[in-house]
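Enquirer: model the structure of this input:
(2 chains)
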Amino acid sequence: MTGLWHLLKSVLEANALVTALAVIGCVVWVSYQLSARMTRGRVHGSAIAILAGLLLAYLGGITTGGKKGIADIPCLAGIGMMGGAMLRDLAIVATAFGVRLDEFLKTGLSGIVSLLTGVLVSFAVGALVAYSFGYRDAISLTTIGAGAATYIVGPVTGTALKAVPEVIALSIAAGLVKSILVMTLTPFVARWIGLNNPRSALIFGGLMGTTSGVAGGLAATDERLVPYGAMTATFYTGLGCLLGPSVIYFFIRLLVE
Amino acid sequence: MAIYGTALLACCLLCGLTAGKLIGSWVGIDADVGGVGIAMLLLIVISGRLQSKGWMRPPTQSGVLFWSSIYIPIVVAMAASQNVRTAVSGGPMAIVAGTMAVVASFALVPVISRIGGGSQDSDSVIKEGETQ
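Expert: Down below sits the predicted model:
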């Protein structure tokens, strides 16, 4: 039996990226099943899957004492490669495919205002919270602010600015909290904030930015609003990745240093 | 062929990251300034041009779409390889930061809805939505 395990382990370790694809596929499948059965789709499968990922990273950290989460377990090292900056950036850029600039420009001033406000306010709030928790360097403040924008803008900004790994992990956690809250709270606050027409859905997407949160939240409110909110939300990540490690970082550096 | 689309995507990313590094070195920091964002803009503009010329055939598109569809699993892998054990000590901060960002953004929806949109404007958009 141990002979068979050793054989299997050597196959898994020698094909690390393939192993990662198989394991992550299973994690995603289980998460989407949980989403459909336990929450009736109210919490989107992607949020549960990312939460499961963070949980695995925690377990990996406890068992190995390493710094790369579950990827510190030798036969799961491929997960570090799959989730590394290289493939991550490639996949993020690919999500911009099919987005039409002219369609967005048609939404006019309110779309652009909501996007800029959404990105800047999230950065400001995140950075202020980080400051009140004792962070004082511009790189950490910007990275956590970026995490308050989305769980993608956080690590992209953090990697670009060479933030320490703990701060990057925190930024993902902040973005995840935001995504889950938007998903679950949107149906309840929809009436108060006038979220019942395409125009306000466009503005909502631009302000929130977390695509999974916006899509999940709007789907639970009124499915017809999803494409409007999702369209502006797709620009948010791009804008956040563009402004975060540049203009916003310089501004924050100017303020604290 | 699918590889044409993937190659286009790869070139956009490489150009974006190079541009980001260049901007970084111009402003005197050893970091990538907005590289991924620049790459996204490049892909939107270039693929838009190619599509309007009819040069983005479905197989070529599938070379980009595959990567966009595997985005969430890659994010899950990214989450699974973070230093969460150390970050847990800062957990309350992550929760406060995420929550505050959501509260602030929710509050701004009605404020911005009032900008630039007369009642006529929003009425017309509602009709458009209902026909879908």
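Enquirer: CA atoms for contacts and neighbours, from now on please.
Expert: Noted.
Enquirer: for B:Ala77, give me its contacts.
Expert: With contacts defined as Cα atoms under 8 Å, 6 or more residues apart in numbering or on different chains, the neighbours of B:Ala77 are A:20, A:24, A:53, A:79-80, A:82-83.
Enquirer: rerun that using 7 Å as the cut-off
Expert: A:24, A:53, A:79-80, A:82-83 (Cα atoms under 7 Å, 6 or more residues apart in numbering or on different chains).
Enquirer: count the neighbours of residue 54 for me.
Expert: In the absence of a named chain, this looks at chain A. When neighbours are defined as other Cα atoms under 10 Å in any protein chain shown, A:Leu54 has 28 of them.
Enquirer: I was thinking of chain B, sorry if that wasn't clear
Expert: 9.
Enquirer: and it, its phi and psi?
Expert: phi 80, psi 20 (degrees, to the nearest 10).
Enquirer: next, the buried residues of the strand or helix carrying A:Leu170.
Expert: Here A:Leu170 sits within helix A:165-189, counting by DSSP states H and E. Using 16 or more other Cα atoms under 10 Å in any protein chain shown as the test for burial, helix A:165-189 gives A:165-187.
Enquirer: worst mean pLDDT across the helices and strands of chain B, which element?
Expert: helix B:119-130 (a mean of 40; mean pLDDT, DSSP states H and E).
Enquirer: show me the helices in chain B, by range?
Expert: With DSSP state H as the criterion, chain B has helices at B:2-26, B:35-52, B:58-69, B:71-80, B:84-87, B:91-113, B:119-130.
Enquirer: and what of the stretch 101-250 of chain A?
Expert: A:101-106, A:109-132, A:138-149, A:153-160, A:165-189, A:198-208, A:211-221, A:226-243, A:249-256 (DSSP state H, counting those that start in this stretch).
Enquirer: tabulate those helices in TSV, adding columns for distance to chain B.
Expert: Compiled in TSV, these are given as follows (distance: least, Cα to the nearest Cα, whole Å):
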stretch	distance to chain B
helix A:101-106	7
helix A:109-132	5
helix A:138-149	5
helix A:153-160	5
helix A:165-189	4
helix A:198-208	6
helix A:211-221	10
helix A:226-243	4
helix A:249-256	9
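Enquirer: winner for burial among these?
Expert: Among the helices of the stretch 101-250 of chain A, helix A:138-149 has the highest mean neighbour count (mean count of other Cα atoms under 10 Å in any protein chain shown), at a mean of 34.
Enquirer: show me where the stretch 1-150 of chain A dips below the pLDDT cut-off.
Expert: A:103-107 (pLDDT under 70).
Enquirer: circling back to that earlier point, pick the most buried one from the helices of chain B.
Expert: For those, the largest average neighbour count (mean count of other Cα under 10 Å) is found in helix B:71-80, namely a mean of 28.
Enquirer: quick one: that helix to helix B:58-69, angle?
Expert: Relative orientation of helix B:71-80 versus helix B:58-69 (axes from the mean of the first three to the mean of the last three Cα atoms, to 10 degrees): 30 degrees.
Enquirer: what angle sits between helix B:71-80 and helix A:165-189?
Expert: Using the same axes, to 10 degrees: helix B:71-80 against helix A:165-189 is 130 degrees.
Enquirer: what's the local residue count around A:Arg88?
Expert: Close neighbours of A:Arg88, defined as other Cα under 10 Å, add up to 25.
Enquirer: do I have it right that it meets B:Ile74?
Expert: Yes: counting by Cα atoms under 7 Å, B:Ile74 is a contact partner of A:Arg88 at 6.2 Å.
Enquirer: spatially, which residue comes closest to the most centrally placed residue in chain A, not counting chain neighbours?
Expert: Nearest to the mean C-alpha position of chain A, by Cα atoms, centre = their mean, lies A:Tyr151 at 2.6 Å. Spatial nearest neighbour of A:Tyr151, chain neighbours left out: A:Gly175 (4.0 Å); criterion: Cα to Cα, 6 or more residues apart in numbering or on different chains.
Enquirer: how near is the one you found to B:Gly5?
Expert: 30 Å (Cα to Cα, to the nearest Å).
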